[in-house]
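Asks: could you work out the structure for the sequence below:
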Amino acid sequence: MKPGQFRIFRTPLAGVEAVKAETGHSFPKHTHDQFGIGLIDAGAQASLSGRGMVRAEAGDIISVNPNEVHDGMPVGDSRAWSMLYFDPRVIADLLQNIGEGRMSEVEFPSPVIRNAELVSKFRTLFPLLIDQSAPQDGLLRDGLLLSLVARVMSESRPSLRDVAVPAAIGRARELIDDDPAAPFTLAELANVCGLSQFQFLRAFSKATGLTPHAYLLQRRIQEARRLIALGMPLAEAAFACGFADQSHMTRLFVRNFGVSPGAYAAAC
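Replies: The predicted structure follows:
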């Protein structure tokens with residue numbers, strides 16, 4: 001795989017995406033609407049996580065939670081990784097089998113895990129999900145997937161972040177989540193929370209790690225990714241998600257996901 005290359009793979013499981021990447025790109029603060037479990041294949045990276053700054057090196061398992069603000073930069077010229085992204089409903093179904101509690105309480109607790117057994121499981125599972133020409137062993141695949149998620153979930157390092165979102169800020173966030181294409185104003189959202197615009201701006205940023213505008217853009221690009229995966233033309237997806245034009249959506253898509261909307265559409 002050449003440096004600067006991203007590859008998105010179809011998987012036989014609905015709600016599961018696979019990505020392989022090698023790049024020296026530094027990603028700005030952003031979020032995903034999916035759970036992620038991956039492996040650093042080569043090099044190393046430093047990143048902000050919900051537990052503060054972390055460093056992951058070759059052979060480390062990495063994880064991310066939905067709406068967790070994070071970034072990522074190479075330690076050196078480049079790094080390579082393989083990643084599995086799961087829609088929250090997929091994790092919910094798996095956890096019903098695993099018995100790890102209600103979804104409202106669920107998050108992967110450790111952004112970096114060093115465990116040889118877990119790495120072995122991931123390296124066995126990943127090819128089963130991306131190689132459509134290989135004989136499919138559903139029993140092996142599903143067993144590895146369950147044990148992988150269970151093992152990542154069982155990590156119990158203490159979290160350094162306060163995950164509680166004040167109720168007032170939660171109301172504003174729900175408004176954005178319900179209709180990210182809407183042209184919200186700072187005054188409107190502050191009024192919903194019963195705060196001055198300055199109080200709201202400060203409280204929202206503290207609670208979510210993003211300004212209201214940055215959070216809105218994250219929700220828009222996540223919705224665009226969903227619509228593109230369903231086959232909606234790029235220009236229509238940009239309009240439906242509230243972007244000024246397709247080029248604006250494309251710039252943000254590449255910043256967040258490292259691949260263009262067109263390439264993502266082709267992979268889907």
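Asks: nearest residue to the middle of the protein?
Replies: For the chain, His32 is the residue whose C-alpha lies nearest the centre (C-alpha atoms, centre = their mean; 2.9 Å).
Asks: which parts of the protein are strands?
Replies: Taking DSSP state E as the criterion, the chain contains strands spanning 5-9, 16-23, 27-30, 35-49, 52-57, 61-64, 70-86, 112-113.
Asks: out of these, which is closest to Phe184?
Replies: Closest approach to Phe184 among these (C-beta to C-beta): strand 27-30, 19.1 Å. Using the backbone N, CA and C atoms, a C-beta is placed for each residue, glycine as well.
Asks: packing partners of the closest one?
Replies: Secondary-structure packing of strand 27-30 (3 or more C-beta pairs under 8 Å, 6 or more residues apart in numbering; DSSP states H and E): strand 70-86, helix 246-257.
Asks: make CSV from these and add mean pLDDT and distance to Gln45 to it.
Replies: Shown next, in CSV, are the helices and strands packed on strand 27-30 (pLDDT from 0 to 100; distance: least, C-beta to C-beta, whole Å):
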stretch, mean pLDDT, distance to Gln45
strand 70-86, 94, 5
helix 246-257, 91, 16
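Asks: redo the ones you listed as TSV? Include mean neighbour count and distance to Cys268.
Replies: Converted to TSV, the helices and strands packed on strand 27-30 look like this (neighbours: other C-beta atoms under 10 Å; distance: least, C-beta to C-beta, whole Å):
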stretch	mean neighbour count	distance to Cys268
strand 70-86	18	13
helix 246-257	18	12
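Asks: next, format the ones you listed as TSV and append distance to Tyr215.
Replies: Shown next, in TSV, are these (distance: least, C-beta to C-beta, whole Å):
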stretch	distance to Tyr215
strand 70-86	14
helix 246-257	13
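Asks: leaving out the residues flanking it, which one is nearest to Ala80?
Replies: Glu22 (3.8 Å; C-beta to C-beta, 6 or more residues apart in numbering).
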